[in-house]
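Asker: just a sequence and a predicted model for now, questions to come.
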Amino acid sequence: MKALVTGAGGFLGGAIARKLVARGDTVRSFARGSYPQLDRLGVETVRGDLADPNAVFSAVQGCDVVFHVAAKAGIWGEEAEYRRINVDGTQNIVDAFRRAGVRRLVHTSTPSVVFNGRDMNGVDESAPYPTHYHAAYPRTKAEAERLVSSANGSDLATVVLRPHLIWGPGDPHLVPRIVAKARANQLRRIGRENKLIDCVYVDNAADAHILAADKLEIGSPVAGKCYFISQGQPIPLWDLINRILAAAGLPPVTRHVPESVAYAAGWVLENVYRATGKQDEPRMTRFLARELATAHWFDISAARRDLGYQPAVSIDEGLERLAAWFASGANG
């Protein structure tokens, strides 16, 4: 098939593109920049912005399926920019589908769209959207997810995947963030409990996307549905963080901060940053404090049943690969 991957220059999008090329599919990337690694794979690149409807239409034309992976992630930033990329950009994707006659859309979302600030132990896809969000990212991703799900119908088949805490060699987000904070002596355990969380190795997340595309057709059982994607192996949060740090040759995090103190600090810092117009991310936010102090792991039985998803790379194997990556110096 001919597949368009938005955000193919990124971590998950790049993994999807590599796997598609490896199995013989033709891949096109839609991104604002150029990426030599995609050129080496033989991936065609269409440059443009998700907020530009004409550019999106040009990229979508002639494709059999689109993996809409690109998004503005993070826990801090201007609401308008999150909305421009995550909501308006997704609407442009859906509109371009209808203009171009493309029939299959696999959309990358996040479990954060249903995070309500409390423990989420083994919840499934029936979990409702919360009435309030503490960050623009989950709020705009929830809007985008609803756009995609409501677009499913007689002329367009859509499916939404919610991979949780994607990591692995080459990760530009989670792993380097943890390592940088540890090296700056800024990592603290929030609260005394070590709550269970889900994560997913990047290759497993990419496999899930391709499985979803292969199962997706108008009227198929997966059309219009959302699926949590993870290792299916909940692990205590600080165990995972400390094992990532060990892979990087760093000592474990042992110092604690009470959850109430972290949440209050997040509230203060958010207001100070807004008042002063600071653009960099605060050391703590309310959303981050809740994420680090609560359990969030998900029932992936629907993905196993409907998509045939089975995590091929275990956490142990993934950490061995991560340690080898650090040892090679490829992380810079």
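Answerer: Perfect, thanks for sending it.
Asker: ok, Leu307 - contacts?
Answerer: 208, 211-212, 215, 222, 227 (C-beta atoms under 8 Å, 6 or more residues apart in numbering). Quick note: C-beta positions are derived from backbone N, CA and C, even for glycine.
Asker: highest neighbour count among these?
Answerer: For these, the largest neighbour count, defined by other C-beta atoms under 10 Å, is 28 neighbours, found at Ala208.
Asker: so which strand or helix has that residue?
Answerer: helix 202-215 (DSSP states H and E).
Asker: whatever helix or strand comes next after that helix pairs with which strands?
Answerer: Later in the chain than helix 202-215, the nearest helix or strand by DSSP H and E is strand 226-229. Applying DSSP bridges, strand 226-229 is found paired with strand 157-163 (parallel).
Asker: other SSEs contacting whatever helix or strand comes next after the strand it pairs with?
Answerer: Next helix or strand after strand 157-163 toward the C-terminus (DSSP H and E): strand 166-167. When contacts are defined as 3 or more C-beta pairs under 8 Å, 6 or more residues apart in numbering; DSSP states H and E, strand 166-167 sits against helix 174-183, strand 200-201, helix 202-215.
Asker: hmm, who's touching the helix or strand of the chain with the lowest mean pLDDT?
Answerer: Every helix and strand in the chain was compared by mean pLDDT, DSSP states H and E; the lowest is helix 286-293, with a mean of 82. With contact meaning C-beta under 8 Å, 6+ apart, helix 286-293 is reached by 75, 115, 117, 133-135, 138, 189-191, 193, 195, 237, 259, 262-263, 265-267, 270.
Asker: distance between that helix and the chain's centre?
Answerer: Taking C-alpha atoms, centre = their mean, to the nearest Å, one finds helix 286-293 lying 17 Å from the centre of the chain it belongs to.
Asker: helix or strand next in line after that helix, which one?
Answerer: strand 296-298.
Asker: just the CA trace of the following helix or strand past that next one, in CSV.
Answerer: Downstream of strand 296-298, the first helix or strand assigned by DSSP H and E is helix 301-307. Only the C-alpha atoms of helix 301-307 are listed here, as CSV (Å, rounded to 0.1, in the frame of the first residue of the first chain):
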residue,chain,number,x,y,z
SER,A,301,-7.3,-6.9,25.9
ALA,A,302,-9.3,-5.1,23.1
ALA,A,303,-6.1,-4.4,21.2
ARG,A,304,-5.0,-8.0,21.6
ARG,A,305,-8.3,-9.3,20.5
ASP,A,306,-9.2,-6.9,17.7
LEU,A,307,-5.8,-6.0,16.3
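Asker: any buried residues in helix 301-307, and which?
Answerer: By 16 or more other C-beta atoms under 10 Å, the buried positions in helix 301-307 come out as 302-303, 306-307.
Asker: out of those residues, which is nearest to His173?
Answerer: Ranked by distance to His173 (C-beta to C-beta), the buried residues of helix 301-307 are led by Ala303 at 22.3 Å.
Asker: just checking, Leu38 touches Gly9?
Answerer: Yes: Leu38 is within contact range of Gly9, at 6.4 Å (criterion: C-beta atoms under 8 Å).
Asker: and for these two, which residues touch both?
Answerer: Joint contacts of Leu38 and Gly9 (C-beta under 8 Å, 6+ apart) are Ser29.
Asker: for Thr276, report the pLDDT, please.
Answerer: Thr276 carries a pLDDT value of 83.
Asker: circling back: closest one to Lys2 among the helices and strands packed on strand 166-167?
Answerer: helix 202-215 (11.7 Å).
Asker: which strands or helices does that closest one pack on?
Answerer: helix 11-22, strand 65-68, strand 104-108, strand 157-163, strand 166-167, strand 226-229, helix 301-307.
Asker: picking up where we left off before, mind checking which of the helices and strands packed on strand 166-167 is nearest Gly62?
Answerer: helix 202-215 (16.3 Å).
Asker: the inter-axis angle of that closest one versus helix 11-22?
Answerer: If you take axes from the mean of the first three to the mean of the last three C-alpha atoms, to 10 degrees, helix 202-215 sits at 60 degrees to helix 11-22.
Asker: could you list the buried residues of helix 202-215?
Answerer: 202-213, 215.
Asker: now do that helix: distance to the chain's middle.
Answerer: For helix 202-215, the distance to the chain centre is 13 Å (C-alpha atoms, centre = their mean).
Asker: quick one: contacts of it?
Answerer: Against helix 202-215 from outside (C-beta under 8 Å, 6+ apart): 1, 3, 11-12, 15-16, 18-20, 23, 65, 67, 69, 104, 106, 108, 159, 161, 163, 166-168, 170-171, 200, 221-222, 227, 229, 231, 303, 306-309, 311-313.
Asker: alpha carbons only: can I get it in CSV?
Answerer: Backbone C-alpha positions of helix 202-215 (Å, rounded to 0.1, in the frame of the first residue of the first chain) are rendered in CSV as follows:
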residue,chain,number,x,y,z
VAL,A,202,8.6,2.2,20.4
ASP,A,203,8.8,-0.8,18.1
ASN,A,204,5.7,-2.3,19.8
ALA,A,205,3.8,0.9,19.4
ALA,A,206,4.7,1.0,15.7
ASP,A,207,3.6,-2.6,15.2
ALA,A,208,0.2,-1.7,16.8
HIS,A,209,-0.3,1.1,14.3
ILE,A,210,0.5,-1.1,11.3
LEU,A,211,-1.8,-3.9,12.6
ALA,A,212,-4.6,-1.4,13.0
ALA,A,213,-4.1,-0.2,9.4
ASP,A,214,-4.2,-3.7,8.1
LYS,A,215,-7.5,-4.4,10.0
